[in-house]
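A.B. asks: attaching a predicted model along with its sequence, questions to come.
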Amino acid sequence: MSDTPSFDLRGAASPELIAYFRTPEGRAELDAYFHTPEGARELRVAVFGEIRAAQPRFATAVRGDARVFMVERYDREPRRGVGFLLDLARLAWETDTFLALLLYRLRVRLIVRRIPILPGVLHRVCIILAQMSFGGDAVVQPGLHLLHGQVVIDGLVKIGPFATIAPWVTLGRKGPAFEGPSIGSHAFIGTGAKLLGPITIGDHVLVGANAVVVHDVPSYATVAGVPASIIKRGGGAESQDPATSARTG
């Protein structure tokens with residue numbers, strides 16, 4: 001990078017440098033740098049530091065998840081204090097999916113605190129309990145509702161608050177890119193759907209069963225098919241999920 005200003009992914013780049021890296025020549029030079037040992041190391045530090053910073057707090061995530069499950073299963077909000085702990089115990093006892101999700105939240109917190117070994121153990125427990133394999137690079141906001149487990153998340157995947165995911169869903173990479181889909185709030189991902197690659201799924205999107213989504217989807221759209229295409233604009237997951245109003249009220 002002799003003809004361009006030096007840069008550090010952990011700091012703020014100048015506007016001129018950012019503009020240069022948006023050109024074809026700049027992108028090629030940046031890509032070449034990231035394939036060097038120094039560049040790859042700097043990229044990992046920057047990316048994984050950003051992932052750790054974006055993870056929701058454990059208590060916030062657990063309360064959001066518990067609220068969704070309580071409304072769906074018992075049609076009431078979780079209690080506070082000791083009552084909340086009893087609600088957690090009941091959910092964990094009665095549904096393997098919630099227990100696996102609870103352990104996933106704990107695993108993420110251990111990863112953020114750089115505690116070794118235990119995250120790997122918890123990951124395997126989640127697979128055994130609910131066939132739930134969430135990569136450590138995913139950022140899952142509070143209020144996730146897993147209907148029955150059997151979900152795979154691989155790569156840099158972002159899931160917005162109050163998303164619902166049915167069984168046998170895969171959210172992951174496509175080709176050499178490490179980035180996976182970024183999913184907005186209140187999305188509903190139907191049974192067997194596959195969302196692949198660095199795509200953006202808007203808020204309140206409804207993805208039909210067995211759909212294969214490889215392109216961006218705007219908010220409030222319904223998609224279906226292989227490859228998936230928009231079959232309806234407007235309405236989306238909000239009109240399909242009767243618990244949405246209770247979850248967001």
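C.D. replies: Ah, there it is. Numbers count the residues shown, from 1 in each chain.
A.B. asks: can you pull the domain assignment for the chain?
C.D. replies: Structural domains assigned to the chain are 15-52, 55-248, following automatic domain parsing.
A.B. asks: tell me the phi and psi of L196?
C.D. replies: L196 adopts backbone torsions of phi -130, psi 140, taken as degrees, to the nearest 10.
A.B. asks: bridging residues for it?
C.D. replies: G172 (DSSP bridges).
A.B. asks: for it, give its distance to V169.
C.D. replies: From L196 over to V169 the distance is 11 Å, taken as Cβ to Cβ, to the nearest Å. To be clear about C-beta, it is placed using only N, CA and C from the backbone, and glycine gets the same treatment.
A.B. asks: show me what the host helix or strand of A59 is in contact with.
C.D. replies: Applying DSSP states H and E as the criterion places A59 in helix 58-74. For helix 58-74, the surrounding residues in contact (Cβ atoms under 8 Å, 6 or more residues apart in numbering) are 56, 76-78, 84, 87-88, 91, 94-95, 98, 101-102, 105-106, 108-109, 140-145, 161-162, 243, 246-247.
A.B. asks: give me the pLDDT for the nearest residue to A224 once chain neighbours are set aside.
C.D. replies: Residue nearest to A224 in three dimensions, not counting chain neighbours: G208, with 3.3 Å by Cβ to Cβ, 6 or more residues apart in numbering. Per-residue pLDDT puts G208 at 96.
A.B. asks: quick one, what contacts G208?
C.D. replies: So G208 contacts G190, A193, T222, V223, A224, G225, A228, I231 (Cβ under 8 Å, 6+ apart).
A.B. asks: same question for L144.
C.D. replies: By Cβ under 8 Å, 6+ apart, the contact list for L144 reads G64, D65, V68, L101, I159, F162, A163, I165.
A.B. asks: where does pLDDT dip in the chain?
C.D. replies: Scanning the chain for pLDDT under 70 picks out 1-14, 17-18, 21, 235-249.
A.B. asks: can you tell me which of the contacts of G208 are buried?
C.D. replies: G190, A193, T222, V223, A224, A228 (16 or more other Cβ atoms under 10 Å).
A.B. asks: what bridges to the third one?
C.D. replies: Put plainly, it is T222. Following DSSP bridges, T222 is listed with bridge partners L206, K232.
A.B. asks: what about it, distance to G208?
C.D. replies: With distances taken as Cβ to Cβ, T222 is found 7 Å from G208.
A.B. asks: find residues that contact each of the two.
C.D. replies: I231.
A.B. asks: give me phi/psi at the residue nearest to A224?
C.D. replies: Here is the backbone geometry of G208 (degrees, to the nearest 10): phi -70, psi 160.
A.B. asks: for the chain, just list every one of the helices.
C.D. replies: Under the criterion DSSP state H, the chain contains helices at 15-21, 24-34, 37-54, 58-74, 82-94, 96-112, 118-130, 236-240, 244-248.
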